[in-house]
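In: fold the following and give me the result.
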Amino acid sequence: MLKKPLFVRIMLILLIIAADVCGAIPFLYRWKENGTLIPSTQASTDIPGILLQNLMISVVPIVLFAVFLFALKKDFVREMYLQVKGRWQWIGVCVLILCLVGILFYHLLTKEDRITSIFLLFYYVFFIAFSEEFVCRGACTYLLKNEKTIIRFLIPNLLFAAMHIFNYSGWEEMTGEFVLRFIRTDMAVIMCVGCLNQALKEKTGTIWIPVLLHAAWDYALAYK
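Out: Residues are numbered from 1 along each chain as shown. The predicted structure is shown next:
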């Protein structure tokens, strides 16, 4: 894959992001329209249903994981930064896990629906944080690993920011005014967060630091 021309690899990255977004949008809009969408903050009403929904919209990350596992074989863990080794890596991972546990206990103490609070921890770690980090900072970044820093950081994280436009719209109909406002006010911030997560992955040598940080941030704001 890395021997292909840069243009081909960029097109492949665009295809991956487009497939990830377009694979989820039809389901989400259909479920929202017919009233069957289960909000994550109401997970306890139908745990099997919300698990099925999230598995259906996570098909692309799951398939991508399998494809890279097959393609990279014994190099998969190293190339995707999935290892945790060394004192400082373990310290960082353990600190962030403790943060997640702390947030969990806060939600358990302040929210009546404890089943949902527990589910949300799993949801944000795996369906949101790991899924997004693996796709954008794992697979897509790998395809640019030999390129200049600006290319390696800009392309995946620009697309990472763009794919959040549907989340920020609340999965409602998007207007031209909303798109322009998103580009002006939110897109640059999201791209900077993505670049920060990528820098953390590369500096710490493990993707689990940005995954757990990403999950902790989203989980802390789960009910807002």
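In: what does stretch 70-81 contact?
Out: 1, 68-69, 82-83, 134, 138-139, 142, 145, 201-202, 205-207 (C-beta atoms under 8 Å, 6 or more residues apart in numbering). Yep, even glycine has a C-beta here, placed from its N, CA and C like the rest.
In: report the buried members of the residues you listed.
Out: The neighbour-count test (16 or more other C-beta atoms under 10 Å) marks Phe68, Phe134, Gly138, Ala139, Tyr142, Lys201, Glu202, Gly205, Thr206, Ile207 as buried among the contacts of stretch 70-81.
In: list phi and psi for the fifth one.
Out: Geometry field for Tyr142 lists phi and psi as phi -60, psi -40, criterion degrees, to the nearest 10.
In: circling back: now the buried ones among the contacts of stretch 70-81 as JSON lines including pLDDT, distance to Thr41 and secondary structure?
Out: Compiled in JSON lines, those are given as follows (pLDDT from 0 to 100; distance: C-beta to C-beta, whole Å; DSSP: H, G, I helix; E, B strand; the rest coil):
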{"residue": "Phe68", "pLDDT": "97", "distance to Thr41": "32", "secondary structure": "helix"}
{"residue": "Phe134", "pLDDT": "97", "distance to Thr41": "24", "secondary structure": "helix"}
{"residue": "Gly138", "pLDDT": "96", "distance to Thr41": "28", "secondary structure": "helix"}
{"residue": "Ala139", "pLDDT": "96", "distance to Thr41": "29", "secondary structure": "helix"}
{"residue": "Tyr142", "pLDDT": "96", "distance to Thr41": "34", "secondary structure": "helix"}
{"residue": "Lys201", "pLDDT": "97", "distance to Thr41": "29", "secondary structure": "helix"}
{"residue": "Glu202", "pLDDT": "95", "distance to Thr41": "34", "secondary structure": "helix"}
{"residue": "Gly205", "pLDDT": "95", "distance to Thr41": "35", "secondary structure": "coil"}
{"residue": "Thr206", "pLDDT": "97", "distance to Thr41": "30", "secondary structure": "coil"}
{"residue": "Ile207", "pLDDT": "98", "distance to Thr41": "27", "secondary structure": "coil"}
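In: which residues in the chain form helices?
Out: Applying DSSP state H to the chain gives helices spanning 6-34, 47-56, 59-72, 76-79, 87-110, 114-122, 131-132, 141-142, 149-162, 165-168, 176-185, 187-204, 208-220.
In: export the helix or strand bottoming out on mean pLDDT in the chain as PDB, just CAs?
Out: Within the chain, no helix or strand scores below helix 165-168, which has a mean of 78 by mean pLDDT, DSSP states H and E. The C-alpha trace of helix 165-168 is given here as PDB (Å, rounded to 0.1, in the frame of the first residue of the first chain):
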ATOM      1  CA  ILE A 165     -20.500  17.800  10.500                       C
ATOM      2  CA  PHE A 166     -23.400  15.300  10.800                       C
ATOM      3  CA  ASN A 167     -22.800  15.000  14.500                       C
ATOM      4  CA  TYR A 168     -22.900  18.700  15.000                       C
END
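In: for that helix, give me every contacting residue.
Out: Contacts of helix 165-168 (C-beta under 8 Å, 6+ apart): Val21, Ile25, Leu28, Met174, Val179, Phe182, Asp186, Met187.
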